[in-house]
Each structure stands twice: as C-alpha cells, then as structure tokens.
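S.K.: please find the sequence and the predicted model below.
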Amino acid sequence: MLLRILRHPDPCLARPALPVKRVDAALRQLARDMAETMRHAKGIGLAAPQVGVSLRLAVVDLDPEAHRPVTLVNPVITRLSRQKTEAEEGCLSFPGLTAPLRRAARAWVSALDLEGQTVEWSAEGLLARAFQHELDHLDGTVFLDRLSPTARREADRKLESP
Ligand code: ZN
C-alpha cells in the first residue's frame, strides 16, 4: 500500500520518534508499505516519521531494482569515521531540492531487523550517507538543519521560490 509522504515543514518531521516496542506483523507490514512507497517515489531511503508514524523505523535501498531494502528498527550509530565526504543530498520530504552536505564517510550502525535480530552494519559511501540521513529523521532532524550557512541560504531561497 502506498503511503502519503509528508513534506517539510510538517511538524511530524521535526519530532523525535519513539522506540519500536515489538517487531510484529503490523511493523513488518508498515516496513513493506514504506519500501513500496520509497520505490514509487524513486527514493533510496524513507523513515517512518516521513509517513506520519512516530517510530524508530527506516528503510534504505540503493538498488530499487533488486527489491531488497534494508530495514532498520531502533537503529543507533555506534561510530562515525572522522573522515568526511561532501555530496549533493536530497530528501523525499523536500521534492526537487538538493544541497551539498558533508557527512562522515563511514558509519557503523546497530539495529534490529524484521525478525527482531540485532544486525551490525558497517557502511561507506552512499549507504553510510543514507543511514545518517534516515537516522537523523528519527531524531526530528532534516538535512536542511545540517547544511552550512551558505548552502542553507541557497536552499531557503529555492524553497521560497520553487
Ligand atoms: Zn529524508
């Protein structure tokens, strides 16, 4: 089922999400719907607050053709590399907007999967960036909040005059 993706500045996007208490059939269904919604919107990541659900759940899929999304339940970043990389970043809640953003080049993430098992991820490149972006959503942070002052001014200008 396709879900409605909330757009900035919906207040749900600024609210820290609550921990998932049970990995059950309802959560698995939500994760499937989120993955379908993400694919349909041609995104590579989607967090539950973006579909109006305040839970610490996110899906990431760098290769939508493969239909094998990574699902992160109650994820935490355990380590970030000091080395950073800059890339153009976008967000399904900010259609049409991209901005250059520096993030850690590598990220180590611990999360539950849809069986409730702990999975440790060691990610680099685009996957590390997507993990950091989606985990930010779970804390009520959007990529706009992380831009340099210059990039932020440019982004605000684009948001005002689409
Ligand atoms: Zn996003």
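M.R.: Here it is on my side, so go on.
S.K.: and the residue nearest the centre of the chain, helix, strand or coil?
M.R.: In the chain, the centroid-proximal residue (Cα atoms, centre = their mean) is residue 134; its distance is 2.0 Å. Recorded secondary structure, residue 134: helix (DSSP: H, G, I helix; E, B strand; the rest coil).
S.K.: and what of residue 78?
M.R.: strand.
S.K.: please state the offset of stretch 24-41 from the chain centre?
M.R.: Put simply, stretch 24-41 sits 14 Å off its chain's centre (Cα atoms, centre = their mean, to the nearest Å).
S.K.: mean confidence (pLDDT) on that stretch, please.
M.R.: Mean per-residue pLDDT for stretch 24-41: 97.
S.K.: in that stretch, what counts as buried?
M.R.: 27, 30, 31, 33, 34, 35, 36, 37, 38, 39 (16 or more other Cβ atoms under 10 Å). Backbone N, C-alpha and C define where each C-beta goes, glycine included.
S.K.: mind listing what the residue nearest to the centre of the chain touches?
M.R.: 45, 46, 47, 58, 59, 60, 72, 75 (Cβ atoms under 8 Å, 6 or more residues apart in numbering).
S.K.: now residue 136
M.R.: 142, 143, 145, 146.
S.K.: quick one: buried ones out of these?
M.R.: 142, 143, 146.
S.K.: roughly how far does the second one sit from residue 124?
M.R.: In this structure, residue 143 and residue 124 are separated by 19 Å, where distance is defined by Cβ to Cβ, to the nearest Å.
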